[in-house]
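> Attaching a predicted model along with its sequence, questions to come.
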Amino acid sequence: MPMDVEIDSMRYIIVYDSNTHSLLDSGPAIDCADCLEKASRFPIQILTGGYEKFSALYPFLRTQKILYSIRELESLNPYPVEILPGQLYMGDYRQATNPQILKDLKLNALVNVSDECSLMFKKANCTVLHVRIADSPEANLATSFERMCVFIGSHINTASSVLIFSTLGRSRCCAVAMAYLMHHLKYTLKEAWNHIQQCKANMRPNRGFVQQLSDWELHTVGTRVTDISEPNY
């Protein structure tokens, strides 16, 4: 490794080669990860399928650039997080109003749970369901769960990709994404919570939405499986 790379201070390190498919394989990615693990305070991750699979799924993120400066990394525009591969995404208002992101992800339908509305959505030829609601514990998001889940499911069933977004992409859109997983995949609240948290570590539905999701679990699963009094919620 270059002398000026401080491995021990890096939170996220992802290693990839051409096409690693298993941690049981031997190869440059495995060997490199083993070496990095000795110097890192955090887990080293290996990209499944390597560059071949990644570039096939996300051709718009391919680049010939090898090294980035700190300023270049800080100026990169993050994409919405992928909840269900190629089908369901979750993000913030800035991402939803970025024409390039809508084009790259082939987004056809948007669920807007922010207060803002943009004319750009009409130009992008996207179908938009706008549920205007505040990010407040007193706000009643649950009354729109059924309508939003049906909207999302109808588009996914016709091979259209959907983006759920709110102003900052941390509370309202996370609650809606969980509601969809519980409605269509019959996840418990705990399973849906863990799934979304794995996709977006800083997700945080407000306390009112958590209670509404608990009520939604009773409606979709038939019983309250998840104890929302636990610290994780």
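Perfect, thanks for sending it. Numbers count the residues shown, from 1 in each chain.
> Skipping its backbone neighbours, what lies nearest E37 in space?
I44 (5.0 Å; C-beta to C-beta, 6 or more residues apart in numbering). For glycine as for every other residue, the C-beta is placed from the backbone atoms N, C-alpha and C.
> need the contact list for the one you found.
Going by C-beta atoms under 8 Å, 6 or more residues apart in numbering, I44 touches 13-15, 33, 36-37.
> Buried subset of those residues as a PyMOL selection?
In PyMOL, this line selects whichever of the contacts of I44 come out buried by 16 or more other C-beta atoms under 10 Å:
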select buried, resi 13+15+33
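> now, the most widely separated pair of the contacts of I44?
Maximum pairwise distance among the contacts of I44 (C-beta to C-beta): 12.9 Å, between I14 and E37.
> hang on, the earlier thing: among the contacts of I44, which lie within strands?
Counting by DSSP state E, the contacts of I44 place 13-15 in strands.
> Relative to S166, which of these is nearest.
Nearest member of these to S166, counting by C-beta to C-beta, is I14, at 27.4 Å.
> in what helix or strand does the closest residue to the closest one other than its chain neighbours lie?
Nearest non-adjacent residue to I14, counting by C-beta to C-beta, 6+ apart: Q45, 4.8 Å away. With elements taken from DSSP states H and E, the one containing Q45 is strand 44-46.
> how far does that strand sit from the chain's center?
Counting by C-alpha atoms, centre = their mean, to the nearest Å, strand 44-46 is centred 19 Å from the centre of its parent chain.
> Name the residues linked to the residue nearest the centre of the chain by a beta bridge.
By C-alpha atoms, centre = their mean, the chain has its centre lying nearest to V81, at 2.6 Å. Beta-bridge partners for V81, by DSSP bridges, are M90.
> Also V15?
Beta-bridge pairing for V15 (DSSP bridges): I46.
> dump the residue contacts of it.
By C-beta under 8 Å, 6+ apart, the residues touching V15 are 29, 32-33, 36, 44-47.
> Among the residues you listed, which one lies nearest to R224?
Q45 (34.6 Å).
> burial count for the closest one?
Neighbours of Q45 under the rule other C-beta atoms under 10 Å: 12.
> could we number from 38 for the rest of this?
All set: I'll call the first residue 38, so the last point we hit is now Q82.
> tell me the domain boundaries of the protein?
Annotated domains of the chain cover 44-112, 118-258 [automatic domain parsing].
> weakest of these by average pLDDT?
Lowest mean pLDDT within the domains of the chain: domain 44-112, at a mean of 88.
> What is the longest helix seen in the chain packed up against?
The longest helix of the chain (DSSP state H) is helix 244-258. Counting contacts by 3 or more C-beta pairs under 8 Å, 6 or more residues apart in numbering; DSSP states H and E, helix 244-258 is packed against helix 209-221, helix 226-236.
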